[in-house]
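Trainee: below are the sequence and a predicted model for it; my questions follow.
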Amino acid sequence: MNLYHKILFDWMGFREEVSEPFPAKYIIALAPHTSNWDFIIGMLFCRAKDFNCNFLMKKEWFFWPLGKLMHKLGGIPVYRSKKTGLTDIVAEKAKEMDTFRLCITPEGTRKANKEWKKGFYYIALKANIPILLYGLDYKRKLIKCSRTFIPTGNVEKDMEEIKQYFTEFEGKHPERFII
């Protein structure tokens, strides 16, 4: 047991229900995302389970001196105002690498947003890798993954199915999470 495990599970009182294995390459879709605490909980979880996972985050978080830390933690800045072809770039990287781990919050914001971003889906589809659905529930202090999702290419149907998985979870600020 490491310090991160002690902080997250002993001191903070979270528990995990993770039944899905980690393949060599995957994307974690983490929801609901309603607070900056989600990032902290996610980082603690990764370190407690002794694995590193990259993440996408808006470029505004990559200012000096915080930017160096974000990059070191695995952060990839997203320039939301530009069309950069990021999903294509990331999917190509995933194909080239022996191991690939990326965590994305599908809502793309901490505010209520029923129009989830689909970048995580397209990266998984293009790279032919699974999406692990991770729910973060503050009310039950639970981190749960009981589903691995394989994109079919039917985006609307698949996104609806993915969203339905997350209906049982309550974010830190429940009013900011809508399906």
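Mentor: Cool, the structure landed. Numbers count the residues shown, from 1 in each chain.
Trainee: tell me where the protein has strands.
Mentor: With DSSP state E as the criterion, the chain has strands at 15-18, 25-31, 54-58, 75-78, 100-104, 131-137, 142-149.
Trainee: shaky segments in this structure?
Mentor: Residues of the chain meeting the criterion pLDDT under 70: 80-82, 84.
Trainee: try 90 this time
Mentor: Scanning the chain for pLDDT under 90 picks out 1, 51-87, 89-90, 93, 107-115, 176-179.
Trainee: just to revisit the earlier point, quick one: the strands of the chain as JSON lines, columns for mean neighbour count and distance to residue 43 too.
Mentor: Quick note: C-beta positions are derived from backbone N, CA and C, even for glycine. Formatted as JSON lines, those follow (neighbours: other Cβ atoms under 10 Å; distance: least, Cβ to Cβ, whole Å):
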{"stretch": "strand 15-18", "mean neighbour count": "13", "distance to residue 43": "15"}
{"stretch": "strand 25-31", "mean neighbour count": "24", "distance to residue 43": "11"}
{"stretch": "strand 54-58", "mean neighbour count": "17", "distance to residue 43": "9"}
{"stretch": "strand 75-78", "mean neighbour count": "18", "distance to residue 43": "10"}
{"stretch": "strand 100-104", "mean neighbour count": "23", "distance to residue 43": "10"}
{"stretch": "strand 131-137", "mean neighbour count": "23", "distance to residue 43": "12"}
{"stretch": "strand 142-149", "mean neighbour count": "18", "distance to residue 43": "12"}
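Trainee: I'd like those written out as TSV, with distance to residue 45 added.
Mentor: Output for these, formatted as TSV (distance: least, Cβ to Cβ, whole Å):
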stretch	distance to residue 45
strand 15-18	8
strand 25-31	9
strand 54-58	12
strand 75-78	16
strand 100-104	10
strand 131-137	9
strand 142-149	6
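Trainee: the helices in this structure, which residues?
Mentor: Per DSSP state H, the chain carries helices over the ranges 3-5, 37-48, 66-73, 86-96, 119-127, 155-165.
Trainee: deepest in the core, which of those helices is it.
Mentor: helix 119-127 (a mean of 22; mean count of other Cβ atoms under 10 Å).
Trainee: helices or strands up against that helix?
Mentor: Helix 119-127 sits against strand 25-31, helix 86-96, strand 100-104, strand 131-137, helix 155-165, with contacts defined as 3 or more Cβ pairs under 8 Å, 6 or more residues apart in numbering; DSSP states H and E.
Trainee: try 6 Å this time
Mentor: strand 25-31, helix 86-96 (3 or more Cβ pairs under 6 Å, 6 or more residues apart in numbering; DSSP states H and E).
Trainee: chain center to the longest one, what's the gap?
Mentor: Relative to the mean C-alpha coordinate of its chain, helix 86-96 is positioned 17 Å out (Cα atoms, centre = their mean, to the nearest Å).
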